[in-house]
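Peer 1: have a look; sequence and predicted model below, questions after that.
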Amino acid sequence: MEVALREIAGQLGGELLGDGERRIARIATLEGATPDAIAFLANPKYRAQLATTQAGCVIVGPAVRDEAAARGAAIVTPDPYLYYARLTQWWARRMRPAPAVGIHPSAVVDPSAQIAPDAVIGPLCVVGAGACIGAGTRLASRVTVGEGCSIGARGIVHSGVVIGADGFGFAPVKAEGGLRYEKIEQLGAVRIGDDVEIGANTCIDRGALDDTVIEDGVKLDNLIQIGHNVRIGAHSAMAGCVGIAGSAVIGKRCTVGGGAIVLGHLSLADDVHISAASVVMRSIRQPGQYSGVFPIDDNSAWEKNAATLRQLHTLRDRIRALEKNDTPGQS
Amino acid sequence: MEVALREIAGQLGGELLGDGERRIARIATLEGATPDAIAFLANPKYRAQLATTQAGCVIVGPAVRDEAAARGAAIVTPDPYLYYARLTQWWARRMRPAPAVGIHPSAVVDPSAQIAPDAVIGPLCVVGAGACIGAGTRLASRVTVGEGCSIGARGIVHSGVVIGADGFGFAPVKAEGGLRYEKIEQLGAVRIGDDVEIGANTCIDRGALDDTVIEDGVKLDNLIQIGHNVRIGAHSAMAGCVGIAGSAVIGKRCTVGGGAIVLGHLSLADDVHISAASVVMRSIRQPGQYSGVFPIDDNSAWEKNAATLRQLHTLRDRIRALEKNDTPGQS
Amino acid sequence: MEVALREIAGQLGGELLGDGERRIARIATLEGATPDAIAFLANPKYRAQLATTQAGCVIVGPAVRDEAAARGAAIVTPDPYLYYARLTQWWARRMRPAPAVGIHPSAVVDPSAQIAPDAVIGPLCVVGAGACIGAGTRLASRVTVGEGCSIGARGIVHSGVVIGADGFGFAPVKAEGGLRYEKIEQLGAVRIGDDVEIGANTCIDRGALDDTVIEDGVKLDNLIQIGHNVRIGAHSAMAGCVGIAGSAVIGKRCTVGGGAIVLGHLSLADDVHISAASVVMRSIRQPGQYSGVFPIDDNSAWEKNAATLRQLHTLRDRIRALEKNDTPGQS
């Protein structure tokens, strides 16, 4: 596939500088671009690459207009990263056939499920009784949507996702031998808003009594666990391997880094950002960035520091004792 | 669906106080209950909600019998949480059709597999040669049970589970370029007891030589990894995203919190409880609660503390030096 | 199945000591071996078990030749662990029927996919348009290989794996309410080398612009997340529940322990070893072992140390103040 620059700007807008007939065969990073590629400068820290990139055209913001024009063809736009996103979308539509609308013959869809006419139910998906798949939503392949669960419009659900498995709920019962668990049937469902994307093999459990709720515009990466009765606020995003335990409430526009864990029944305010691999053990009421990760080190340094960490409370007491002796009136 | 209170007490027992003809349309929490709901008070810390709940009936223990009776209908029972569990089970049986017994036509079941006549093999499951599925056990959808693996009676296996993939075993071999791995074929299987529940997309690997064993009554949440030759003792429970490395032995009635990791070849005694996101790096011989998580903080505070942590061992030495100078005989 | 020792040594080599007619019915560990078993001594720390094992034959290195011969039948070989690996392979070939070559009738394979004639595409797999599966490679069951993705020769892909779901890429857009995300279409693919094994329910995302690359001989365990545009060097191995964020570059012959996280855009040199559950937050340029895990402790000790950890930076300042007062010239 090859297009003229003129065609890109005609479709996506922006101010085109330089030769509009130039042929573009691919989209690339500044660093990896060849003369037949279009690249973009979104992060100011890569600005120096403008001088060295081989790209046939660069997408830039107004601030570097002159610099970009001096080196060749360019598209100037207020938000180059958004322009790049739209360019990938336009490119994908040209490069790949649209997935066939409708239900793949290998999918197992309950007759009582409601599938929007322009939804895509991919190969080997399972859609349970009374489930509801909204307009333009696509289940990739091997997705399970359980009984009574719903997904809004324009959603993308990647392969292996399980929506609506039972939440993890049991009543401990004293028994001979000490204990056994009695199952609490999970009577709620999962309700997912519009424009939600869910990564491969991610799981969202159904609620115990009320529903688990994923609001509009939420983006979940792969291998994420969302427990029963969690609520995730609109336009929040979570990276891979995150776990959100039952009944946690995540605000709007939050981000959760990869591998982070949020314990059950906690609340995160809107605009809270959790760093990767951090563990949220108390509710967070103020927007901001929060972290909690043991710094990595070479193994022998770590061993020493970790051993000392197990005596940290004692060390504090020893500092206190020293301070007491150090006080002028006492020494 | 709507039932009379009298009917609930008739089925599940307990002492019914107040109007037995009262109609109940749903089960709810005390906080979320409406007048057509039945709610329960299991945790004493919610006792104050008895005064404010809208619930048409409350399930309570004998200690709050009078308080509950004063506000309206109630069911008094020694263990309200267990009563609630059984109520959800009875409710689910009335509300949902039982899953069809037998093998779904889309499932791929080896002719040599033994499937109990009342087991449920859901859509798009795969059951390998010589595998064995016990009485009343249900594989939800898209479950794989590998060759020679067995599940006992009354099990529930949620969608996407993989039982009996190869354990992770390789012999490192010196090769040109430095190293390559030679596969160790995994000749064991997976043996799962009765009354085991396994959450969505969880994986339990087959053993290398002997079997991986999950004893009776174990409850595993979603996205858990159980390595080869692990043994999990009866009535232990693990929350989502846990990883148990190969040959670890977990005692009976243990709990492992979400995202925790247990390293390989370790043992946990019976009744050991591991907090969420903790990493078990040594065997634990005594029952009790164990934790190890870096506390989360606002990012700038964390950065300072994490940087200092890398010098902790040195700080200890500096405290020692101060203490030496501080000794009466030395100053 | 039962074989004569003579037959094993005939197939796999090594110096056979003792009765070659001895019948062997299984492979076992030294500790678990019965007289009809063959066991191996690879790790010197188990050497004492030579004296107590019931094994009918032991596989040992030259250093313990005499000791082994004194107790009964033995096979002497330079690398007993490698011999054991090959023995399991030979055993598996005899014990299990080879999986049927070709495409299982329940699999959904795009007509434009290229499947090597001797590849195995298991039940309920999905292979997309233009994907390529190399010679002798086996997809177990319920594996998805997305459009345009390729796997080399002799690969093993376990059940539930998703190769080529979209990477997690979005451009944040200011919108009413604060923010929404615009999808960046993922135009790259996944390219996997020869002799790669991928564990159950692991996910490898397609690249944004260029491809995600897994080089020859890489071994990935279960439930691993590999982000878009990651590159994993040849003969690296990763244990379960690892997460490698987008654009990270992992060197050759690295190992990553279970549950470890590598943040995006970082590089690990060749021969870097990351301990289980550690979080890599900066690039690592030197070979070696690296760790970063909060040590587990009984819960009350942890609580005290964790609370103090949040004041660690302040403690350092207090030590400094003490040291200042402690200086001879100042006191």
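Peer 2: Yep, that arrived.

Peer 1: which residue is the nearest non-sequential neighbour of A:Tyr46?
Peer 2: A:Leu30 (5.9 Å; CB to CB, 6 or more residues apart in numbering or on different chains). Quick note: C-beta positions are derived from backbone N, CA and C, even for glycine.

Peer 1: residues touching the one you found, list them.
Peer 2: A:39-41, A:46, A:49-50, A:52-53, A:55, A:58 (CB atoms under 8 Å, 6 or more residues apart in numbering or on different chains).

Peer 1: where does it sit: helix, strand or coil?
Peer 2: coil (DSSP: H, G, I helix; E, B strand; the rest coil).

Peer 1: what's the answer for A:Leu315, then?
Peer 2: Classified using three-state DSSP, A:Leu315 is helix.

Peer 1: how close does it sit to chain C?
Peer 2: 7 Å (CB to the nearest CB, to the nearest Å).

Peer 1: and A:His228, which helix or strand is it part of?
Peer 2: Using DSSP states H and E, A:His228 sits within no helix or strand.

Peer 1: identify the residues contacting it.
Peer 2: Neighbours of A:His228 in contact, by CB under 8 Å, 6+ apart: A:166-169, A:186, A:188, A:205-208, A:212, A:246-247.

Peer 1: quick check: closest non-adjacent residue to it.
Peer 2: Per CB to CB, 6+ apart, closest to A:His228 is A:Gly167, 2.5 Å.

Peer 1: just A:Gly246 next, same as before
Peer 2: Nearest non-adjacent residue to A:Gly246 (CB to CB, 6+ apart): A:Gly227, at 3.7 Å.

Peer 1: and that neighbour, what are its phi and psi?
Peer 2: Backbone torsions for A:Gly227, taken as degrees, to the nearest 10, come to phi -70, psi 170.

Peer 1: would you list the contacts of A:Leu30 in JSON lines and tack on secondary structure and pLDDT?
Peer 2: Shown next, in JSON lines, are the contacts of A:Leu30 (DSSP: H, G, I helix; E, B strand; the rest coil; pLDDT from 0 to 100):
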{"residue": "A:Ala39", "secondary structure": "strand", "pLDDT": "97"}
{"residue": "A:Phe40", "secondary structure": "strand", "pLDDT": "97"}
{"residue": "A:Leu41", "secondary structure": "coil", "pLDDT": "97"}
{"residue": "A:Tyr46", "secondary structure": "helix", "pLDDT": "93"}
{"residue": "A:Gln49", "secondary structure": "helix", "pLDDT": "95"}
{"residue": "A:Leu50", "secondary structure": "helix", "pLDDT": "95"}
{"residue": "A:Thr52", "secondary structure": "coil", "pLDDT": "95"}
{"residue": "A:Thr53", "secondary structure": "coil", "pLDDT": "96"}
{"residue": "A:Ala55", "secondary structure": "coil", "pLDDT": "97"}
{"residue": "A:Val58", "secondary structure": "strand", "pLDDT": "97"}
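
Peer 1: from those residues, keep the buried residues only.
Peer 2: A:39-41, A:49-50, A:53, A:55, A:58 (16 or more other CB atoms under 10 Å in any protein chain shown).

Peer 1: I'd like these laid out as TSV, including distance to chain B.
Peer 2: TSV is the format used below for the buried ones among the contacts of A:Leu30 (distance: CB to the nearest CB, whole Å):
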residue	distance to chain B
A:Ala39	32
A:Phe40	29
A:Leu41	27
A:Gln49	28
A:Leu50	31
A:Thr53	33
A:Ala55	35
A:Val58	33
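
Peer 1: closest to B:Pro62 out of the residues you listed?
Peer 2: A:Phe40 (69.3 Å; CB to CB).

Peer 1: I'd say that closest one and A:Leu82 touch.
Peer 2: No - contact criterion CB atoms under 8 Å: A:Phe40 and A:Leu82 do not qualify, at 9.9 Å.

Peer 1: A:Cys57 against A:Arg26, yeah?
Peer 2: No - taking contacts as CB under 8 Å, A:Cys57 lies outside contact range of A:Arg26: 11.3 Å.

Peer 1: the two: which has the busier surroundings?
Peer 2: A:Cys57 (27 against 19; other CB atoms under 10 Å in any protein chain shown).

Peer 1: next structured bit after the strand or helix carrying A:Tyr290?
Peer 2: Assessed by DSSP H and E, A:Tyr290 sits inside strand A:288-291. Counting by DSSP H and E, the next helix or strand C-terminal to strand A:288-291 is strand A:297-298.

Peer 1: which strands or helices does that following strand pack on?
Peer 2: strand C:288-291 (3 or more CB pairs under 8 Å, 6 or more residues apart in numbering or on different chains; DSSP states H and E).

Peer 1: low-confidence ranges in chain A?
Peer 2: Counting by pLDDT under 70, the ranges of chain A that qualify are A:327-331.

Peer 1: so what are the domain limits for it?
Peer 2: A:3-95, A:102-290, A:299-331 (automatic domain parsing).

Peer 1: with distance to C:Val293 as extra columns, can I get these in JSON lines?
Peer 2: As requested, these are exported to JSON lines (distance: least, CB to CB, whole Å):
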{"stretch": "domain A:3-95", "distance to C:Val293": "31"}
{"stretch": "domain A:102-290", "distance to C:Val293": "11"}
{"stretch": "domain A:299-331", "distance to C:Val293": "7"}
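
Peer 1: if I look at A:Asp221, how far off is A:Val127?
Peer 2: From A:Asp221 across to A:Val127, the span is 23 Å (CB to CB, to the nearest Å).

Peer 1: what is in contact with A:Cys57 and A:Arg26 at once?
Peer 2: In contact with both A:Cys57 and A:Arg26: A:37-38, using CB under 8 Å, 6+ apart.

Peer 1: just the element for the closest residue to A:Ala42 other than its chain neighbours, please.
Peer 2: Spatial nearest neighbour of A:Ala42, chain neighbours left out: A:Tyr81 (3.7 Å); criterion: CB to CB, 6+ apart. Element membership of A:Tyr81 [criterion: DSSP H and E] is helix A:80-95.

Peer 1: what about that helix, distance to the chain center?
Peer 2: Relative to the chain's own centre, helix A:80-95 is displaced by 19 Å; criterion: CA atoms, centre = their mean, to the nearest Å.
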